[in-house]
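Engineer: Whatever this is, show me its structure:
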Amino acid sequence: MKKPALLLLVIIIACFVVPQTTHAAVLGQFTDTITTSRPSASTPLAGDQAANASTATIVSDTQNYSIFIASDSATFLPDSGETQNNGINVASMSALNIPSAGQRIVYFTNTIPNAHHTGDTVISPITAMHTIKFTNQTAIPSGGKIIITFPGSGVNTASPSAQTFSFNGMATADISYQLSSGVTCTSLTVSAPTITCTTTGGAIPGGTVITFLLGCADGSSNENACTTQRPRLINPTKSTSNIQSGASASTVLDDNWRINVQTQDSSSVTLDQSTTTIGIIESVQVQASVDPTLTFTISGIASGVNLSSGHGTGCADTTNSGITTSATFVNLAILTSTKINLAAQDLSVATNEAAGYTLTATSSGHLLNQSSGYSIADNGNSPASMTVGTEMFGIHPCGTDANSSFTPGSGVCTTSACTVGGSGKVGWPTPTTSLTLASRNNVTAGIVTTIEYASTVSGTTPAGTYNSVITYVATPTFN
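Structural biologist: The predicted structure is shown next:
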């Protein structure tokens, strides 16, 4: 009769020992939102890399799924006798496998100072801020705990075996949180892979939305924003068992990682706990091309036009030849020794080339009288000022982009009648040496350079008709 009583006593004792640790409630609306889901890149070199190289051949795709993209900052880890290289900026990664299977080329904007051997690791750790949010079901008393646990050891940096999150030196100053009103973490402990908050200031009622921002230096924060992001946690590298990965994959599949949160009372008895899943997946690289464009127009200008308005910036003359120019013909009319004859055209250039354009000119030769073989004097590619009555012919550009050697902000004349020469200089291109008239080093939607044609003669200049041909070339500057 005593044995059944003893068995009953054992069962009763067991019932008093177990229940608080086996019936924890589930946290509600538990999420972990990260600022970037890119996996870290980490792969061995597929061949020796020489010092001062600007490319590296890496193991890729079927052997390693790491993807390096422009703006990444890569680190070359050394082996025995080598020097580590940090902060090597990635320009791009080759789009196709190179002839040796499973290899790709990574291009850098700067050189890799030191030599590295086959098998040395190239890494690009990708850090992210984590916003962990959940609702507790059970009230957390003052002195209770909130424990956040990441998978793995949490101490491995991005290397070929780093397929868990790395804490990367994360400290309490890198964590912000929002608990219940008046409640704070009397201690906040970071011990990879776990973060523990011990509460103070009162109980946190059940049904409270609790937020932790890992990688936010605000100290305290609202649950929707962080003003001072300081991402520390390093994302894992891509799993080598995930065959739907890599730069050549037509379909990619995320790697899933489970984050655990539990709440405890002051005696470390679990109250609520849950896990949530976050996915690590490659970024989508988007590329598009815009063809270079160039628009170049030449327009005629009437006689009697004050060029200071509506034409090239800085023009200070008034056309006076008496004949309107067209886009393809300029007539300076009858030249005399008492004034400078002026005619003009507007040349407009637009280009989307980031390095801008150059406007140049060549000619068929001097302003020549074909019958006599006499040509009116010019100063060629060395611009010079004009003096009324001293034989001279040439062109003068004015405008924002005009060549400074022409003194483009000054007029060829000092009076509207053009009876006195000004400080604006004129030149004339040769058939073999082009003359630069205007240029710029950035894009333009349309800049006007006004070209003034100017001439005066002496009392001994032979009579006759004089001709020459000038050819303008607008060339975009390619990067």
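
Engineer: Tell me where this structure has helices.
Structural biologist: Counting by DSSP state H, the segments of the chain that form helices are 2-17.

Engineer: so where's it shaky on pLDDT?
Structural biologist: Under the criterion of pLDDT under 70, the regions of the chain flagged as low confidence span 1-23, 99-100, 157-161, 220-224.

Engineer: rerun at 80
Structural biologist: Judged against pLDDT under 80, the low-scoring parts of the chain cover residues 1-24, 97-101, 154, 156-163, 219-225, 479.

Engineer: and the longest strand for it?
Structural biologist: Assignment by DSSP state E gives strand 444-456 as the longest strand of the chain.

Engineer: For it, which strands pair with it and how are they oriented?
Structural biologist: Strand 444-456 has its sheet partners listed here by DSSP bridges as strand 341-351 (antiparallel), strand 392-398 (antiparallel).

Engineer: excluding its backbone neighbours, what's nearest the most centrally placed residue in the chain?
Structural biologist: Relative to the mean C-alpha position of the chain, the nearest C-alpha, by Cα atoms, centre = their mean, is the one of Ser71, at 7.6 Å. With Cβ to Cβ, 6 or more residues apart in numbering as the criterion, Ser71 has its nearest non-adjacent residue at 6.9 Å, and that residue is Val90. C-betas here are computed from N, CA, C, even on glycine.

Engineer: Kindly report the same for Thr358.
Structural biologist: Sequence neighbours aside, Ser439 is the residue nearest to Thr358 in space, at 4.4 Å (criterion: Cβ to Cβ, 6+ apart).

Engineer: circling back to that earlier point, so the residue nearest to the centre of the chain makes contact with Ala91?
Structural biologist: No. Assessed by Cβ atoms under 8 Å, Ser71 is found out of contact with Ala91, at 9.3 Å.

Engineer: tally of neighbours for Ala115?
Structural biologist: Burial of Ala115 is recorded as 18 neighbouring residues (other Cβ atoms under 10 Å).

Engineer: need the contact list for it.
Structural biologist: The neighbourhood of Ala115, defined by Cβ atoms under 8 Å, 6 or more residues apart in numbering, consists of 48-51, 82.

Engineer: what do you get for Leu347?
Structural biologist: Shown here is Leu347, whose contacts under the criterion Cβ under 8 Å, 6+ apart are 296-298, 359, 437-438, 448-451, 472, 474.

Engineer: how about 6 Å then?
Structural biologist: With contacts defined as Cβ atoms under 6 Å, 6 or more residues apart in numbering, the neighbours of Leu347 are 298, 449, 451.

Engineer: what's across from it in the sheet?
Structural biologist: With DSSP bridges as the criterion, Leu347 is bridged to Ile298, Thr449.

Engineer: Same question for Thr135.
Structural biologist: The partner list for Thr135 in beta bridges (DSSP bridges) reads Gly28, Val209.

Engineer: gap between it and Asn64?
Structural biologist: Using Cβ to Cβ, to the nearest Å, we find Thr135 at a distance of 40 Å from Asn64.

Engineer: Could you check which of those two has the larger neighbour count?
Structural biologist: Neighbours were tallied for Thr135 and for Asn64 using other Cβ under 10 Å; the higher tally belongs to Asn64 (23 against 14).

Engineer: The more buried one - nearest residue in space that isn't next to it in sequence?
Structural biologist: Beyond its immediate neighbours in the sequence, the residue positioned closest to Asn64 (Cβ to Cβ, 6+ apart) is Thr43, lying 4.3 Å away.

Engineer: what's the neighbour count on that neighbour?
Structural biologist: Under the criterion other Cβ under 10 Å, the count of neighbours that Thr43 has is 27.

Engineer: In contact with Lys145, which residues?
Structural biologist: Contacts of Lys145 (Cβ under 6 Å, 6+ apart): 196, 198, 264.

Engineer: Could you do Val412 as well?
Structural biologist: If a contact means Cβ under 6 Å, 6+ apart, then Val412 has 317, 386, 396, 422, 424, 452, 454 as its contacts.

Engineer: if I pick the second one, what's in contact with it?
Structural biologist: For Met386, the contacting residues are 340, 392, 412, 421, by Cβ under 6 Å, 6+ apart.

Engineer: mind running it again at 7 Å?
Structural biologist: Going by Cβ atoms under 7 Å, 6 or more residues apart in numbering, Met386 touches 340, 392, 412, 421, 426, 454, 456.

Engineer: And for the last one?
Structural biologist: Applying Cβ under 7 Å, 6+ apart, we find Ala454 in contact with 340-342, 386, 394, 396, 412, 426.

Engineer: For it, name its beta-bridge partners.
Structural biologist: Ala454 has these beta-bridge partners by DSSP bridges: Leu342, Gly394.

Engineer: Look up how far Ala56 lies from Ser94.
Structural biologist: For Ser94, the distance to Ala56 equals 11 Å [Cβ to Cβ].

Engineer: and these two? which has more neighbours close in?
Structural biologist: Taking other Cβ under 10 Å, Ser94 and Ala56 do not tie; Ala56 has more neighbours (25 against 16).

Engineer: Quick check: the more buried one vs His366, distance?
Structural biologist: Counting by Cβ to Cβ, the gap between Ala56 and His366 amounts to 59 Å.

Engineer: which of the contacts of Ala454 lies closest to Arg38?
Structural biologist: Ranking these by separation from Arg38, with Cβ to Cβ as the measure, puts His396 on top at 57.5 Å.

Engineer: Without its sequence neighbours, what residue ends up closest to Asn381?
Structural biologist: Ranked by Cβ to Cβ, 6+ apart and with sequence neighbours excluded, the top spatial neighbour of Asn381 is Leu435, at 5.3 Å.

Engineer: what bridges to the residue nearest to Ser71?
Structural biologist: In this entry, Val90 is beta-bridged to Phe108, by DSSP bridges.

Engineer: give me every residue that touches it.
Structural biologist: For Val90, the contacting residues are 68-72, 74, 106, 108, taking Cβ under 7 Å, 6+ apart as the criterion.

Engineer: let's see it at 8 Å
Structural biologist: Counting by Cβ under 8 Å, 6+ apart, Val90 touches 68-74, 106-109, 124.

Engineer: ok, Asp254 touching Thr277?
Structural biologist: No. Applying Cβ under 8 Å, one finds Asp254 not in contact with Thr277, separated by 9.6 Å.

Engineer: Compare the two and say which is more crowded by neighbours.
Structural biologist: Between Asp254 and Thr277, counted using other Cβ under 10 Å, the more crowded position is Asp254 (18 against 11).

Engineer: do you know how far the more buried one is from Val59?
Structural biologist: As defined by Cβ to Cβ, Asp254 lies at a distance of 22 Å from Val59.

Engineer: I'm done for today, thanks for sticking with me.
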